[in-house]
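Peer 1: curious how this folds, go ahead:
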Amino acid sequence: DPEMSRGLGDVYKRQEYEAFAAHVGVLSMHDEDIRSLKQLVIYGAKGAAAYTEHALNLGFEDEDIYEMLENALAEICRPDIDANELTALVLNVGECGVKAMALLDKANTTAYGNPEITKVNIGVRKNPAILVSGHDLKDFEELLKQTAGRGVDIYTHSEMLPANYYPAFKKYPHFCLLYTSDAADD
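Peer 2: From the prediction side, this is the model:
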């Protein structure tokens, strides 16, 4: 919204900034249904964009996803959009997310093989270590290559757990899962 950016350069003092924020921030939209639906579109678009970027890092693209994201962002800027249109847009962004996940799955399995049931190394070793969080398997692969044979262990947790199941990563003995329970003393 162009109104949101107007005057921002003139806001220097904290109280002026806070007063300005009340007029342009997310909560400045008083219709809770419209506000909630627009935020749902934004969060869905962010997720789909992240998956799409990770797929792009592995050389996979789908122009339909870019068009769907661009359309979603343009539509939520319309001041006259109603709840029915936004509900349809939320569903469209959901479809976009499914396409983005499918694209990322294709990229990951092409690059790293089909996930396999795997016994995961858990616990903490004595080597210095790096804890990896996030979703980007390409960055993860590059880190594993750079640290191979250097006496540094690479740990994952949480959202990086699936990295343990790709065959391409099993060749790195310094890759393990950080498990914070006292039961894991390996």
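Peer 1: helices along this structure, start to end?
Peer 2: Ranges of helices within the chain are 2-5, 14-24, 32-57, 63-76, 83-112, 137-147, based on DSSP state H.
Peer 1: switch the ones you listed over to JSON lines; also include mean pLDDT and mean neighbour count.
Peer 2: For the C-beta atoms, the positions are set from N, CA and C on the backbone; glycine is no exception. Formatted as JSON lines, the helices of the chain follow (pLDDT from 0 to 100; neighbours: other Cβ atoms under 10 Å):
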{"stretch": "helix 2-5", "mean pLDDT": "52", "mean neighbour count": "10"}
{"stretch": "helix 14-24", "mean pLDDT": "75", "mean neighbour count": "12"}
{"stretch": "helix 32-57", "mean pLDDT": "96", "mean neighbour count": "18"}
{"stretch": "helix 63-76", "mean pLDDT": "97", "mean neighbour count": "16"}
{"stretch": "helix 83-112", "mean pLDDT": "98", "mean neighbour count": "17"}
{"stretch": "helix 137-147", "mean pLDDT": "96", "mean neighbour count": "16"}
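Peer 1: turn those into TSV, columns for distance to Leu177.
Peer 2: Formatted as TSV, the helices of the chain follow (distance: least, Cβ to Cβ, whole Å):
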stretch	distance to Leu177
helix 2-5	43
helix 14-24	42
helix 32-57	20
helix 63-76	31
helix 83-112	17
helix 137-147	13
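Peer 1: out of those, which comes closest to Ala129?
Peer 2: Ala129 sits nearest to helix 137-147 of all these, at 9.5 Å, using Cβ to Cβ.
Peer 1: show me what the closest one is packed up against.
Peer 2: For helix 137-147, the contact count by 3 or more Cβ pairs under 8 Å, 6 or more residues apart in numbering; DSSP states H and E identifies helix 32-57, helix 83-112, strand 129-132, strand 153-156 as packing neighbours.
Peer 1: Thr147 and Thr52: what is the separation?
Peer 2: Distance from Thr147 to Thr52, counting by Cβ to Cβ, to the nearest Å: 28 Å.
Peer 1: I should have written Leu27 there, sorry.
Peer 2: 29 Å.
Peer 1: tell me who's in contact with Thr52.
Peer 2: Contacts of Thr52 were listed using Cβ atoms under 8 Å, 6 or more residues apart in numbering, and they are Glu61, Asp62, Ile65, Tyr66, Leu69, Ala100, Leu103, Leu104.
Peer 1: the third one contacts Lys99, doesn't it?
Peer 2: Yes. Counting by Cβ atoms under 8 Å, Ile65 touches Lys99, with 5.4 Å between them.
Peer 1: for Pro167, the count of nearby residues, please.
Peer 2: Neighbour count of Pro167, defined by other Cβ atoms under 10 Å: 13.
Peer 1: swap in the one 5 residues further on?
Peer 2: Counted with other Cβ under 10 Å, residues neighbouring Tyr172 total 17.
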